[in-house]
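Trainee: Okay, structure incoming, though there's no sequence with it:
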């Protein structure tokens, strides 16, 4: 049983408590941490969790509470410092996406984990969906489409006044650690693209603002091309300016034996010879959030995990390179920019 302190009790932290309840004696939440005392007590009562803290430092040094790991669900700019502090206190770390704001911060986190013998993992739910699992198997086995030739991804939603209400308002406020859609949502997309299609070699992205988009301080749309280590290219659209209804979002994969179109609802295969047909994804009993928490517990115990710190540092590198590419107007080669990741 992994004993966990959840740090930050907003949407993500609360969702993690609910996800842990789906698991059978694998993870136990022993305390909640939030700097809003009234709110954290209310959440503790709601979830039946006996102990709360309003100071993160206190839970790391309190010998009276048995905490094996911390689950960091705080604003993005706090992730690096909180993860390093946990590692130095000998606590394993699960951190919400993005794991940090820059690759340099991610390097600090990983170095602290290595130096203190703890395990660092990222709560990146996009890698745990039925669609992602299915498409990864398709690509790796060459099922339905043969060897990959090209692909495209589109994700996002229309939000002219890009923002969130209440406690989540910080998500799109740069002064509070928030970001635009490329980091906030594109980090999910790039983690999933990597999980399905493999590693990225080169990033070329451009930024766009529609006249109707009311946030000139943030990117409205990012479009571009990823060149994969495997040699083919993936076109990318990440937007909060356009509505991707129906089958407009998701993946199109092209292989030498056929193509397929995949959304969260299902997949249609177009064989090179034959009529198109639909494929349903295998059913998964647990939510994607429960699966990522279970994967973290297994990772602490020594098992492989698809969204460990090393993996999600590479997702972060793709996003950071995308911003830099859009600013410079040229491609960014990940190895040249960041070294070996």
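Mentor: All right, it came through fine. Small disclaimer: the values here were computed from a predicted structure and weren't measured.

Trainee: And the pLDDT for the spatially most central residue of the chain?
Mentor: By Cα atoms, centre = their mean, the chain has its centre lying nearest to residue 124, at 3.3 Å. For residue 124, the pLDDT comes out at 98.

Trainee: Let me see the contact set for it.
Mentor: Residues near residue 124 by Cβ atoms under 8 Å, 6 or more residues apart in numbering: 97, 187, 188, 191, 292, 307, 312, 315. Quick note: C-beta positions are derived from backbone N, CA and C, even for glycine.

Trainee: Please identify which of those residues is nearest to residue 131.
Mentor: Set against residue 131, the nearest of the contacts of residue 124 by Cβ to Cβ is residue 188 (12.5 Å).

Trainee: got the contact list for the residue nearest to the closest one when sequence neighbours are not counted?
Mentor: Leaving aside its sequence neighbours, residue 188 sits nearest to residue 126 (Cβ to Cβ, 6 or more residues apart in numbering; 4.2 Å). Shown in contact with residue 126 (Cβ under 8 Å, 6+ apart): 132, 188, 189, 191, 192, 195, 288.

Trainee: Same check on residue 53?
Mentor: Taking Cβ under 8 Å, 6+ apart, we find residue 53 in contact with 5, 31, 32, 33, 40, 59, 62.

Trainee: what's around the second one, how many residues?
Mentor: Burial measure for residue 31: 23 neighbouring residues, criterion other Cβ atoms under 10 Å.

Trainee: Which elements pack onto the helix or strand it falls within?
Mentor: Using DSSP states H and E, residue 31 sits in strand 27-33. Contact partners of strand 27-33 among helices and strands, from 3 or more Cβ pairs under 8 Å, 6 or more residues apart in numbering; DSSP states H and E: strand 2-7, helix 11-20, helix 37-47, strand 51-53, helix 56-61, helix 288-300.

Trainee: Is residue 37 in contact with residue 54, as I believe?
Mentor: Yes - the pair residue 37 and residue 54 qualifies as a contact (Cβ atoms under 8 Å) at a distance of 5.0 Å.

Trainee: Which of those two has more residues huddled nearby?
Mentor: Neighbour comparison, residue 37 and residue 54: the larger count goes to residue 54, with 16 against 11 (by other Cβ under 10 Å).

Trainee: Is residue 204 bridged to anything, and to what?
Mentor: For residue 204, the residues forming beta bridges with it (DSSP bridges) are residue 225.

Trainee: coming back round to it: in PyMOL, how would I select the buried members of the contacts of residue 53?
Mentor: Here is the PyMOL command that picks out the buried ones among the contacts of residue 53, judged by 16 or more other Cβ atoms under 10 Å:
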select buried, resi 5+31+32+33+40+59
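
Trainee: and the two most separated of the contacts of residue 53?
Mentor: 40 and 62 (15.2 Å).

Trainee: so how far is residue 59 from the residue nearest to residue 188?
Mentor: Between residue 126 and residue 59 the distance is 29 Å, computed by Cβ to Cβ, to the nearest Å.
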